[in-house]
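J.: sequence and predicted structure are below.
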Amino acid sequence: MASTGEVAAFGADIVEAYWNSLASVNGFRTPVAGSGVLIGGDVTFPQMATVAKGLSDLGFKLLCSSPVVEDFLNSLPYVSKVEKIFFPLKDKRKLREVFDEYDIQSVINLARGRAKDTVDEDYVARRNAVDFGVPLINNPLLADLYVQALARKMKLGEVGAVSNYVEGRIPASVKSWSEFIGSHA
């Protein structure tokens, strides 16, 4: 559902390489600081808490559609208030309005497996993130890496503001193989 095919990316460390792989994906948009992040899935993943804390520390508004996720994240003393929002499961137009109303620019959904049906709220969140062109992270380890990379790039001032995104522009951190190894072979 969220596959982009084969991607190889390089960097000085795993965080940089991961960010470069994301930046290389056609249409990837960096969420703007203060925008909404829809977070959901299985709260038993240890990364759920660390990802929520990281996003909260970066100033993102944490949103969820599940009372279980809301209760879990709001029980964490180091995470800012998580807001449970109304989430239409069958009306795509209304769901698009919800994404717009809450300025949802990223979806983190850590589900353990496939949905039982197409009205499962985690499935609907993942499916529509893809349909709406909103970055979706559904693997717990990659979600943690995503937050680390986002934090680093925001600290450097390379992402996080509306003016930093230019459609069709390849980010400076993305280099060809020859540039990366320092030769023109």
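T.: Received the coordinates, thanks. Numbering: from 1, shown residues only.
J.: give the other helices and strands that the longest helix along the chain contacts.
T.: Longest helix in the chain, counting residues (DSSP state H): helix 140-155. With contacts taken as 3 or more Cβ pairs under 8 Å, 6 or more residues apart in numbering; DSSP states H and E, helix 140-155 sits against helix 14-24, helix 46-57, strand 104-110. In this view, the C-beta of every residue, glycine as well, is placed from N, C-alpha and C.
J.: could you identify which of these is most buried?
T.: strand 104-110 (a mean of 24; mean count of other Cβ atoms under 10 Å).
J.: contacts for that strand next, please.
T.: 29, 31-32, 35-42, 45, 47-48, 51, 55, 60, 63, 98, 122, 125-126, 129, 134-140, 143, 146 (Cβ atoms under 8 Å, 6 or more residues apart in numbering).
J.: and that strand, which strands flank it?
T.: strand 36-41 (parallel), strand 136-137 (parallel) (DSSP bridges).
J.: quick one: contacts of the shortest one?
T.: Contacts made with strand 136-137 from outside it, assessed by Cβ under 8 Å, 6+ apart, are listed as 2, 106, 107, 108, 109, 126, 129, 130, 143, 146.
J.: for this structure, give me the ranges with low pLDDT.
T.: 1-7, 26-27, 160-175, 180, 183-185 (pLDDT under 70).
J.: so what's the residue nearest the centre of it closest to, chain neighbours aside?
T.: Centroid check for the chain by Cα atoms, centre = their mean gives residue 106 as the closest residue, at 4.2 Å. Excluding the flanking residues, the one nearest residue 106 by Cβ to Cβ, 6 or more residues apart in numbering is residue 31, at 4.2 Å.
J.: relative to residue 13, how far out is that neighbour?
T.: Residue 31 is 22 Å from residue 13, where distance means Cβ to Cβ, to the nearest Å.
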